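1. got a structure for you, letters missing:
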């Protein structure tokens, strides 16, 4: 193997001695990667801060995730706890605060591989639902980690439909206590993070009963484990729900309550209170609670979901210029797989999607901040729109990101399937996002319900929320494009998406038709839900395209960057048409000939963007440590890394492979029927057989 | 918790005391489940044999897979080895032979969770490529497991493009030996199953060199591990490639060769031989080798791929009638989630797909057997068609099954994401099938190349292979359907699919256009590949629809069953149109109004098939043990099973949860900077805080 050492093949990972196949891709960038990175970070200052944080995190072996793919569920949990404690110390040491700019970069650098994430939700729920006294009592304890909290809402039998939760909290006037119970197995709390092994306390949602009357769901704080030895409190049965597709570092847990008594003060009482005599008092509007849910939903998009697609794109794109397979022209060397149109068709629209979603951040934040300010002033007018928009955007983004990561995985062939590529981890992580913080089908239907109402407002001349005003504009007839080049005009494709969304939303008038012909409202709704989901998707797709166009427009002082981002915007839009031609052909808005133009422009764009593909993923600026991928590292030495990393696998660390064989023979010896089976596995000794 | 015991909630798994929500679904079946099972098994005799085998397998604790989801990669490998050895014994004991009918049912009962699968490929390759002497020498050793073989073809740097493999075998006339080498890291064998820890011998593919001239790829047998202590042979570096997304029970391995000398007799020489003086002799046609590849490709569909989708459908469908969520009508109890149109839209087309693919078995087998007979007689005329058909069918089936399992997983919400649902295991297993035995994009393009040739034959008046004769039929103009009901006529939708396939294949004449306007043939091909893949998919989709129609036709003596299978066929076909409207609208074959008819019929069918959904999955007749799912068992006690299974998790078996907390505090104590961080994690003692 000496020649390999001489040629430097076995250099240590992390060196910046780059594979020439990757190096050449960087030399021909049409724009400044550094400048685009700064734009993506929201300014060069942010880039500097981020890199400084990453440098600190990656310089500490205590934060290393290099063994992640070889760890058991227990080991991953323990490592996450260790990292979280260590991060607390490090932040203190560096003077980084909980609300400072660094914390999100810590999270990014560590790929979110931390414990106690639900502890934050525990705190937020007390801040949102608790009285000032409750906040004053519990938040300092939580801030100092004297207690570790979880948020126990979901039950075995109920997730999305909150009203169906079955845990009970019965108020006893004589003792001034609530008694909490898990009345049947489906009422067992199931899934809360940090519950399985970490939490000492929980905010538990239960149906409140006073004098036999149910007042609906309320939140209660209770202690579930001893602060001395961490044993479960009397009457509490608690544990881990076992293995999942991912999130092994999180101790999702179960919780059964058997006659747990807690004082009256432990019901979170900002919006409703039980008086000593059992009187139930409601105070103000708890609509503001929706904000917490919306905020969480928006938060996970920027911290968990979109960055994960960006990483998958980075890995698959870099690998696709290093991997060579077969020949495009006989006589040439084998071609980089990214030079094949089919590979471009898999990866480059995803790259455009990654940018499209990243740019949604500004849009949603602006929307959210405006709504937040109004709602804090008890003006709830914008809440339905804010809710509908974030629901649909959450659903479409998680849906596309999950599908995208899967495409990236498969686009890397067998090596993508290796855990060491990092792609199985990214995909399985994203798959969860389609369900948590709102199941996507349910969310799309919430958006659809909003759109149906907007459409009714159009017909009755009522005002329409900004994101849906397009529903009232005049139908533009037919697409005006005459050449392929026309489809590179944002006006042309924006109008096509607008048309499709309008038509799709309007097709839900079938609902009214059913009701008018005698169907029950709920039955009619159910019979239209497949199409209602389609309408919500078309609406969200239009919003994403429109925001991408606006983003390109705003880059007018960055000529080079505007040019490449415009290409990405075009590609995102045309790929959407190319992949959903039926929606545009259906009512004749776009003709078959125009679809051919779209196809031609779309395929041409693939070839154009291919040349900047590596610079475009480099601009995401993920560290190798945060990618944690043998295929995706900056230097492109994929084969060496696969080999080196495989050496670290426990499967190669037993008392040599030999142990396995012995294990196998031993298996045989254990079976009593061995003698019946003498023909097989008998042992001819060590002579070489050839 | 006493009332739970009284109500029998904690009955042991496997009891046939069925959840009433599932029981009622079975009482209204429109057909005999037992009869449909017999049809699916290919006759009631087969069903009997299968159940007898399953009874034997499941009665033996040695075959149990109940701890599978809690095992590490090492444990899964060792368990698979143990089961495989045990199965050998059991087969011997029962008098089941290697070529008997029972073996495939063993495989089914054990979910394929066995070791030494590549040992069979090792044997087959010797049988196909070896001389009679080589077969006589090696096969008995392999049959008796005196040696364990692997098939070392794929390398780190090359998979699909076999000609690019880089391992070398240089013939030395003076020693009459071949010297095998791994000349660079990308030439390392990587991925072969049974190589990482099990195999003692390997069939290794290498570029043959004689006197400096390369004669291309040839197969060589060599010993890689000692038969005494299993240590690697001198010059052999061998190990496990580490964790993967699934297939942890298989020891996929790597292999480096450093000057390994093997005698001249160890080159498999049925089709080419190296004489002692270095003369290279070719004999007969090695085209017959394609048959092995085709056979393997077909084999995995029926053993690994399609049954996995059937299982996923079984789990998701049963769960969807047990899970209740929200109310369809206010005042009603919560509805079964399968009563929601959106859930039907997710699962029922998959159920139809599962049946469609299952019925492809007969078609492909007939096709294969006919080709096989001809090819054994050295008539290779049908080889291109057999190759193209199986390539495309493998690609479309693995593609749809993988996507389908993912839909099933997500349709079960959070619980689908739990490993205990079995769905993550089924999905991740299927994901591999899109890559192994031929990467799907490459396979689709091979089918497309065949179709392009068929089209040229149409134009030049040459004969056309049977599966593509439709390309020469006259264009039928417009779809003749006038009502929704018309779209339930197989003639109508078959014609629509035929039209779409024909148009799609004909659109590849763009290729000729590019060549005529001066593009190089290979460049032109690359520029058309996105559309060529579409053409291949449309072709395969048509074949599956047509075969489904033929199957329904053949059920004419089974009125009840024919009726429900006809519904499934309609649903499969209409779902395909509904999901790809653009393909049918594009050239105006189907109008927008007709798409509305398709949609109406399609949505109506969902409601019809929903009533038989559970009987339709029951007919697959998977045992609980083979499903290995807390959500999918026959009795439908999902919540109890989730809870009971979670107890078995190692995360709940440490020295109580308490251990984890201590672990956490210990973490803190390990850090030297602890004193800088006294604000957090300090310990207030055991007083209850509330």
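-> Now that the structure is in, tell me what you want to look at. Only a predicted model underlies this, so the values are computations on that prediction, with no experimental measurement involved.

2. close to chain B, is stretch A:274-285?
-> No - using Cβ under 8 Å from any Cβ of the partner chain, stretch A:274-285 never reaches chain B; the gap is at least 15.7 Å. C-beta: built from backbone N, CA, C; applies to glycine.

3. which outside residues touch that stretch?
-> For stretch A:274-285, the external contacting residues (Cβ atoms under 8 Å, 6 or more residues apart in numbering or on different chains) are A:171, A:173, A:176, A:208, A:210-211, A:215, A:264, A:267, A:270-273, A:378, A:380.

4. and it, how far out from the chain's middle?
-> Chain-centre distance of stretch A:274-285: 39 Å, with Cα atoms, centre = their mean, to the nearest Å.

5. endpoints of it, how far apart?
-> Start to finish, the residues bounding stretch A:274-285 are 16 Å apart (Cα to Cα, to the nearest Å).

6. what do you get for stretch A:151-158?
-> First-to-last distance for stretch A:151-158 - Cα to Cα - comes to 15 Å.

7. can you tell me if that stretch touches chain B.
-> Yes - with Cβ under 8 Å from any Cβ as the measure, stretch A:151-158 is seen reaching chain B through A:154, A:156-158.

8. of all those, which comes closest to residue A:598?
-> residue A:154 (43.6 Å; Cβ to Cβ).

9. of the residues of stretch A:151-158 next to chain B, buried ones?
-> Buried members of the residues of stretch A:151-158 next to chain B, counted by 16 or more other Cβ atoms under 10 Å in any protein chain shown: A:154, A:156-158.

10. circling back to that earlier point, which of the contacts of stretch A:274-285 are buried?
-> Applying 16+ other Cβ under 10 Å to those flags A:171, A:208, A:210, A:264, A:267, A:270-273 as buried.

11. got the buried ones among the residues of stretch A:151-158 next to chain B as TSV, with secondary structure columns?
-> Below are those laid out as TSV (DSSP: H, G, I helix; E, B strand; the rest coil):
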residue	secondary structure
A:154	coil
A:156	coil
A:157	coil
A:158	coil
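
12. tell me the secondary structure for residue A:375?
-> Classification of residue A:375 using three-state DSSP returns helix.

13. tally of neighbours for it?
-> 20 (other Cβ atoms under 10 Å in any protein chain shown).

14. next one: it from residue A:451, what distance?
-> 21 Å (Cβ to Cβ, to the nearest Å).

15. stretch A:178-193 close to chain B?
-> Yes - for stretch A:178-193, a contact with chain B is found by Cβ under 8 Å from any Cβ, at A:184-186, A:188, A:190-191.

16. can you list the domain ranges for chain A.
-> A:34-115, A:118-284, A:290-618 (automatic domain parsing).

17. Throw the ones you listed into CSV and include mean pLDDT, thanks.
-> Shown next, in CSV, are those (pLDDT from 0 to 100):
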stretch, mean pLDDT
domain A:34-115, 95
domain A:118-284, 96
domain A:290-618, 95
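
18. dump those domains into TSV; add distance to residue B:519 as well.
-> As requested, the domains of chain A are exported to TSV (distance: least, Cβ to Cβ, whole Å):
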stretch	distance to residue B:519
domain A:34-115	33
domain A:118-284	45
domain A:290-618	11
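
19. and residue B:103, which of the ones you listed is closest to it?
-> domain A:290-618 (27.5 Å).

20. from the chain's centroid, how far away is the closest one?
-> 15 Å.
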